[in-house]
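> Kindly generate the corresponding structure for this input.
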Amino acid sequence: MKNCIAAIDMGTNSFHLIIVQVKRDGSFKIIDREKEVIRLGYHKGKNLDYISEGEIEKAIDILNDFNKIAKFYGAEIRAVATSAVREAKNKDEFTARVLDATGIFVEAIKGVKEAELIYLGVLKALNLRNSRLLCIDIGGGSTEFLLGDQGTSVFAESVKIGAVRLSKRFFPDYHLSPERIDMCERFISEKIYSKSDLHSHHQFDYAIGSSGTIIAAASIIHFRKYNKFAKSLNGFMFTDKELFRLTEDVLKCPSPVDRLSIEGMEVKRADIIPAGLLILRKTFEVFDIDEITVSENALREGIIIETIRKQDEHVVISV
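Down below sits the predicted model:
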């Protein structure tokens, strides 16, 4: 196929691939997508700061598979890595081995850049370009916050709190206790309040949530409300009360197996969802959020938009 681009989002918890076909006006449509779960930095070291040999090999296997899909469409690949790779002590070794084994050059971007690309994806997903948005993206290794006003970033922050990172630190066997939960909550508060831009005095029209934890929470809340899974969660809204109720229900389940009793719970997220929900609940409290809107677009769509713009500076993509 002509005019195809592949974006690979190399997150801490999972790798995502999307293939898009770009139209003459610079717009695009997604024609294929893949996702593989991988926990980078989890098996060695204390703070997601070292990618193990097994993780490197698994990453290479996944990227080789993604490469085959991209070649099928004749798509140019852009691969972007986030928290686990940018913080890894062996980042250079990891990216060099990936390049040697797959031919894929990996960009390890900073957290603020990640937040800005997520914002581009969000604007593409939701018809809210003329609004003031607080964007929240909870990943495996970090959480990105961005306040955007009519397409322009007012501030962007990346905080080293993510569902995988905090699970490793406070729930290493994925089992919960009141003491562990309390320590995790205090750590989240400390990290968020250490950033001067993160407080309750900001004015915004909508809070927007994207990626793993928020999508998972939205899916469960949708199931609770309608007794069925949503075909699409883009634009779905849930309230603070619905989130707090879900969080309490999850925290009452000591083990991942117990959490599977919650209807709508994703098997591959039952282990790390407590940490993610604790981050999200604290975020609601810090920014005084009473309702959040889901964006199914995030980093990978932002990668596509920026890549198209770089290819043709004259193209203005409608977001």
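> ok, which stretches of the stretch 1-150 of the chain are strands?
In the stretch 1-150 of the chain, the segments counted as strands under DSSP state E, counting those that start in this stretch are 4-10, 14-22, 28-37, 76-81, 106-108, 132-138, 143-149.
> Name the residues of the first one that come out as buried.
Right, strand 4-10. C4, I5, A6, A7, I8, D9, M10 (16 or more other CB atoms under 10 Å). All C-beta spots, glycine's among them, are computed from the backbone N, C-alpha and C.
> Show me the longest helix that occurs in this structure.
helix 53-73 (DSSP state H).
> TSV for the strands of the stretch 1-150 of the chain, including distance to H43 and mean pLDDT?
Below are the strands of the stretch 1-150 of the chain laid out as TSV (distance: least, CB to CB, whole Å; pLDDT from 0 to 100):
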stretch	distance to H43	mean pLDDT
strand 4-10	17	97
strand 14-22	16	97
strand 28-37	14	96
strand 76-81	17	97
strand 106-108	19	97
strand 132-138	22	98
strand 143-149	22	98
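> okay, these in CSV with distance to N47 next?
Formatted as CSV, the strands of the stretch 1-150 of the chain follow (distance: least, CB to CB, whole Å):
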stretch, distance to N47
strand 4-10, 18
strand 14-22, 20
strand 28-37, 21
strand 76-81, 17
strand 106-108, 16
strand 132-138, 18
strand 143-149, 15
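> tell me which element E242 is part of?
Using DSSP states H and E, E242 sits in helix 240-251.
> what bits of the chain have low per-residue confidence?
45, 313-319 (pLDDT under 70).
> Which parts of it are helices?
53-73, 83-87, 91-102, 111-125, 163-170, 178-193, 212-226, 240-251, 256-259, 273-287, 299-311.
> Same list (those) but as CSV, adding distance to Y42 and mean neighbour count.
Below are the helices of the chain laid out as CSV (distance: least, CB to CB, whole Å; neighbours: other CB atoms under 10 Å):
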stretch, distance to Y42, mean neighbour count
helix 53-73, 8, 17
helix 83-87, 8, 25
helix 91-102, 14, 16
helix 111-125, 19, 24
helix 163-170, 6, 24
helix 178-193, 16, 15
helix 212-226, 15, 21
helix 240-251, 20, 17
helix 256-259, 15, 17
helix 273-287, 12, 24
helix 299-311, 20, 21
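> before we move on, the earlier item: and of the buried residues of strand 4-10, the nearest to S261?
D9 (31.0 Å; CB to CB).
> Is that closest one bridged to anything, and to what?
H16, V80 (DSSP bridges).
> so it makes contact with H16?
Yes. The pair D9 / H16 is scored as a contact, 4.3 Å apart, by CB atoms under 8 Å.
> Mutual contacts of these two, please.
R300 (CB atoms under 8 Å, 6 or more residues apart in numbering).
> contacting residues around S200?
Contacts of S200 by CB under 8 Å, 6+ apart are V286, F287, D288.
> before we move on, what about F155?
F145, L146, L147, D197.
> if we go to 10 Å?
Contact partners of F155, counting by CB atoms under 10 Å, 6 or more residues apart in numbering, are V112, A115, F145, L146, L147, G148, K195, S196, D197, L198, H202.
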